[in-house]
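>>> I would like to see how this sequence folds:
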Amino acid sequence: MNSDSDLGVRRISANDGIQLSQKTMGHLFEQFVGMELNRYLRLNQSRYKLCYWQDYAGPEVDYVIDRHGSYIPIEVKWTQNPTKSDARHLIKFLNEYETAEKAYIICRVDRKRMLADRIIALPW
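Numbers count the residues shown, from 1 in each chain. Presented below is the predicted three-dimensional model:
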């Protein structure tokens, strides 16, 4: 077992305690979603790659599934009320990569919701 793939081991090693800040919850949630995406791709023997993206000016997207040159950008947010502001890096990504048809924000919404043109908030 490796602590990069087990959030319990990570939390004990970091001595997080019981009361976690919103920032820490956000980091754990992002790591959890990334592990699940990676696990899904591996279990389905997918040849797609899980990557991340960072623009030269600094904006980044948490995860990008590379489907042989067709991209699915994914942001992870620890929120129940995502806004268009949460999607600003996804908007930039969609404008730069024509092969990305839609983008997603994985968050704590109770049901699928359109946030902006081609950007969908999904419940985790």
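>>> OK, contacts around L41?
L41 makes contacts with 48-50, 65, as judged by CB atoms under 8 Å, 6 or more residues apart in numbering. In short, each C-beta sits where N, CA and C put it, glycine included.
>>> Can you lay out those residues as CSV showing distance to T83?
CSV is the format used below for the contacts of L41 (distance: CB to CB, whole Å):
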residue, distance to T83
Y48, 29
K49, 29
L50, 26
I65, 24
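>>> what's the closest of those residues to T24?
Of all the contacts of L41, T24 sits closest to L50, with 23.0 Å by CB to CB.
>>> Dig out what that closest one forms beta bridges with.
Residues in a beta bridge with L50, per DSSP bridges, are I65.
>>> quick one on the thing from earlier: show me how to select, in PyMOL, the buried members of the contacts of L41.
Selecting only the buried entries of the contacts of L41 in PyMOL, with 16 or more other CB atoms under 10 Å as the criterion:
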select buried, resi 48+50+65
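>>> Got the phi and psi for the closest residue to G34 other than its chain neighbours?
In space, G34 comes closest to Y63 once its chain neighbours are excluded; the distance is 5.9 Å by CB to CB, 6 or more residues apart in numbering. Backbone torsions of Y63, given as degrees, to the nearest 10, read phi -140, psi 140.
>>> Y63: what's it in contact with?
Contacts for Y63 (CB under 8 Å, 6+ apart) come out as 33-34, 37, 50-52, 73-76.
>>> do the same with E101
Contact partners of E101, counting by CB under 8 Å, 6+ apart, are 70, 118.
>>> Please repeat the previous calculation with a cut-off of 6 Å.
Listed by CB atoms under 6 Å, 6 or more residues apart in numbering, E101 has no contact partners.
>>> For my notes, confirm it occurs in a strand.
No. In this structure, E101 is coil, not part of a strand, as judged by DSSP: H, G, I helix; E, B strand; the rest coil.
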